[in-house]
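Asks: My questions concern the predicted model and sequence given below.
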Amino acid sequence: MKKIIFGFISRLRVPCRSAAGMNEARKKLTHHKENPTALRWGGFILVFFLITSFFSPVVAADDQKTCVVYFTGKGCPHCAKVDPVLLEQLPKKYPDLVVIEYEIYQEQENAQLLLGYNSAYNSGLGIPLVIFDKNESLVGDVPILNNLERVIKERKGNLCPLINGTAIEFKELDFTSLPGKPKIYPQSLSKESAQVGEALPQELTLAKVISLAAVDAVNPCALAVLVLVLFAVLAFAPKKRHHVLLAGLAFTTSVFVMYFLYGLIIIKFFQLIQAMASVKLWLYKLLGLVAIIIGLLNLKDFLRYKPGGFLTEMPMFLRPKMRSLFFNVTSPKGAFVVGALVTLFLLPCTIGPYVICGGILCSLSLAKTIPWLLLYNLVFVLPMIAITIACYIGFTTVENVAGWKEKNIKYLHLIAGLIIMGLGMAMILGWL
């Protein structure tokens, strides 16, 4: 041990300016020789110092992150299986794992980036998708769940793949320079990562849903059907005005329930087809184009009205079949049953705005679409409720409502056309 200490001191360039100073140093060493306890503690301290110095570079080198890019989509059933594993479980198990997430169903900017990464990494357009580098990527829930953890263990570090085909270490990554609206997991890595990509879906706004529902609400087709129901009830029991209230509310409730179910079906359909990411890239623009077409058809009905317009009114060949149903409406219960059946006849003239709304809502999980569907259909049936109550309290009559509808039918088409066409243009131009 004394030799070790002598060797260590000889390497230290201790200033010794005189022979007296050297003699003093020799005396101290002699004292340590005579004091084995002090010598032993000095040896322990020296060994600890050397071990700490030796391993400190290793700790720094082990700080390399395993960085991946992950494309996912809310509403995608396959992504729903991967998200909790990749974004929650694995970052806890592997502290060095960093995930740059791009959600493409709600964020249009991120959807465009999928094309860019495919060009640079040949990673494909399917989701869920995990990109490591140009040589390795995993696509699909089963391949990711079966292989992701193995790849992470094998790599023991991975540079962050960028959209231009290059890669950099995570510590050199500038979050604010990343394209689109990414999220970084775990979000505790930086303040920027908690702020990037937190915006609500651009496609979904309260004004947009209410506007689409308002177009359906002023549709002459739906109002005409309600008037026929009230006429049938009054013809059977002209002196029982409370039957008008009950029948009108029963019919309206039936329409509300059936259209709510139709909405769930429409949304589920869009969620299935948007599992193909390439479809999602153009879906929002396509819905905007459909809105413009429906708006133009309504404006055509305003300028040159003809009953039974395509996508704006009930086709003429369906009207006799619908009227035959009303002969059986003699009670509120009958109005409810007929209301459920009549919705099938109403679909050709009211489905347009509803399909557009369903295409927007499909970015959410099915459970989260329920409040939006309830709101949409509440706005849709409000005119029916108002007409029913107005006829019941004597503010107007069914005959007056029918006459007002026929007199102003062109203007109803004008209002609906302007609203939905403006909405469609805003969707295509990116204003909404």
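Replies: Great, that's in hand.

Asks: what about the stretch 251-400 of the chain, any weak spots by pLDDT?
Replies: 274-281, 284, 311, 326-330 (pLDDT under 70).

Asks: Helices of that one, residue ranges please.
Replies: Here the stretch 251-400 of the chain has its helices, by DSSP state H, counting those that start in this stretch, at 277-303, 319-326, 332-361, 370-393, 398-407.

Asks: for this protein, what spans make up the strands?
Replies: Taking DSSP state E as the criterion, the chain contains strands spanning 66-72, 97-103, 129-133, 136-139, 160-161, 167-168, 183-185.

Asks: picking that back up, please identify the deepest-packed of the helices of the stretch 251-400 of the chain.
Replies: Among the helices of the stretch 251-400 of the chain, helix 332-361 has the highest mean neighbour count (mean count of other Cβ atoms under 10 Å), at a mean of 22. In this view, the C-beta of every residue, glycine as well, is placed from N, C-alpha and C.

Asks: Check which helices and strands that one sits against.
Replies: Contacting helix 332-361 under the criterion 3 or more Cβ pairs under 8 Å, 6 or more residues apart in numbering; DSSP states H and E are the following elements: helix 206-217, helix 220-236, helix 241-273, helix 277-303, helix 319-326, helix 370-393, helix 409-429.

Asks: same thing but at 7 Å, please
Replies: helix 206-217, helix 220-236, helix 241-273, helix 277-303, helix 319-326 (3 or more Cβ pairs under 7 Å, 6 or more residues apart in numbering; DSSP states H and E).

Asks: angle of that helix against helix 220-236?
Replies: Relative orientation of helix 332-361 versus helix 220-236 (axes from the mean of the first three to the mean of the last three Cα atoms, to 10 degrees): 170 degrees.

Asks: Now find how far off-centre helix 332-361 is within its chain.
Replies: Relative to its parent chain, helix 332-361 has a centroid offset of 26 Å by Cα atoms, centre = their mean, to the nearest Å.

Asks: Dump the strands of the chain to TSV, plus distance to Met322.
Replies: Listed next are the strands of the chain as TSV, based on distance: least, Cβ to Cβ, whole Å:
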stretch	distance to Met322
strand 66-72	45
strand 97-103	44
strand 129-133	49
strand 136-139	49
strand 160-161	59
strand 167-168	64
strand 183-185	51
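
Asks: so which of the ones you listed gets nearest Leu228?
Replies: Minimum separation from Leu228 across the strands of the chain (Cβ to Cβ) falls at strand 97-103, 46.7 Å.

Asks: Direction included, what does that closest one pair up with?
Replies: strand 66-72 (parallel), strand 183-185 (antiparallel) (DSSP bridges).

Asks: Switch these over to a markdown table; also include mean neighbour count.
Replies: Putting the strands paired with strand 97-103 into a markdown table (neighbours: other Cβ atoms under 10 Å) gives the following:
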| stretch | mean neighbour count |
| --- | --- |
| strand 66-72 | 25 |
| strand 183-185 | 21 |
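
Asks: Which one of the helices and strands packed on helix 332-361 lies nearest to Leu148?
Replies: helix 277-303 (19.2 Å).

Asks: Pull the contacting residues for the nearest residue to Lys285 once chain neighbours are set aside.
Replies: Excluding the flanking residues, the one nearest Lys285 by Cβ to Cβ, 6 or more residues apart in numbering is Ile428, at 5.7 Å. By Cβ atoms under 7 Å, 6 or more residues apart in numbering, the contact list for Ile428 reads Lys285, Gly288, Leu289.

Asks: just Ile387 next, same as before
Replies: Leu226, Val401.

Asks: thinking Asn377 is in contact with Phe260, fair?
Replies: Yes - in this structure Asn377 lies within contact range of Phe260 using Cβ atoms under 7 Å: 5.4 Å.

Asks: Grab the most central residue of the protein for me.
Replies: Gln106 (3.7 Å; Cα atoms, centre = their mean).

Asks: Quick check, pLDDT for that residue.
Replies: Listed pLDDT for Gln106 reads 77.

Asks: Also Cys160?
Replies: What the model reports as pLDDT for Cys160 is 93.

Asks: can you check Gly180 too?
Replies: Gly180 is assigned a pLDDT of 86 by the prediction.

Asks: try Gly21
Replies: pLDDT, Gly21: 46.

Asks: how close does the residue nearest to Lys285 get to Leu287?
Replies: Distance, Ile428 to Leu287, using Cβ to Cβ, to the nearest Å: 9 Å.
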